[in-house]
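**Student:** can't give you the sequence, but here's the structure:
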């Protein structure tokens, strides 16, 4: 998949993903609810931050990644 997430946004996605995964571990809710809400979203944000691509952006044709010179 083509990269469509810029560096600053990748940083914020990683931080948000870490916070959501932390909430999935520490929240005083039943395990199924924690995993279904915080865990899944946190894992997706971490994956998209590491991969540099977002499925939603690809479907919308959007990109926050600056164009590289020579491309």
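**Tutor:** Cool, got the structure. Keep in mind it's a predicted model, so treat the numbers as computed, not measured.

**Student:** in this protein, which ranges drop under the pLDDT threshold?
**Tutor:** 68-71 (pLDDT under 70).

**Student:** Tell me which other helices or strands the longest helix seen in the chain touches.
**Tutor:** If you go by DSSP state H, the chain has its longest helix at helix 7-26. In terms of contacts (3 or more Cβ pairs under 8 Å, 6 or more residues apart in numbering; DSSP states H and E), helix 7-26 is packed against helix 31-34, helix 40-51. All C-beta spots, glycine's among them, are computed from the backbone N, C-alpha and C.

**Student:** quick one: contacts for the most centrally placed residue in the chain?
**Tutor:** By Cα atoms, centre = their mean, the mean C-alpha position of the chain lies nearest to residue 45, the distance being 1.8 Å. Listed by Cβ atoms under 8 Å, 6 or more residues apart in numbering, the contact partners of residue 45 are 13-14, 16-17, 20.

**Student:** any idea how far it lies from residue 30?
**Tutor:** 22 Å (Cβ to Cβ, to the nearest Å).

**Student:** and if you look at residue 66?
**Tutor:** 43 Å.

**Student:** Residue 39 now?
**Tutor:** 12 Å.

**Student:** Between these two, which is the more surrounded one?
**Tutor:** residue 39 (19 against 9; other Cβ atoms under 10 Å).

**Student:** Identify the spatial nearest neighbour of the more buried one, chain neighbours not counted.
**Tutor:** Leaving aside its chain neighbours, residue 39 sits nearest to residue 24 (4.0 Å; criterion: Cβ to Cβ, 6 or more residues apart in numbering).
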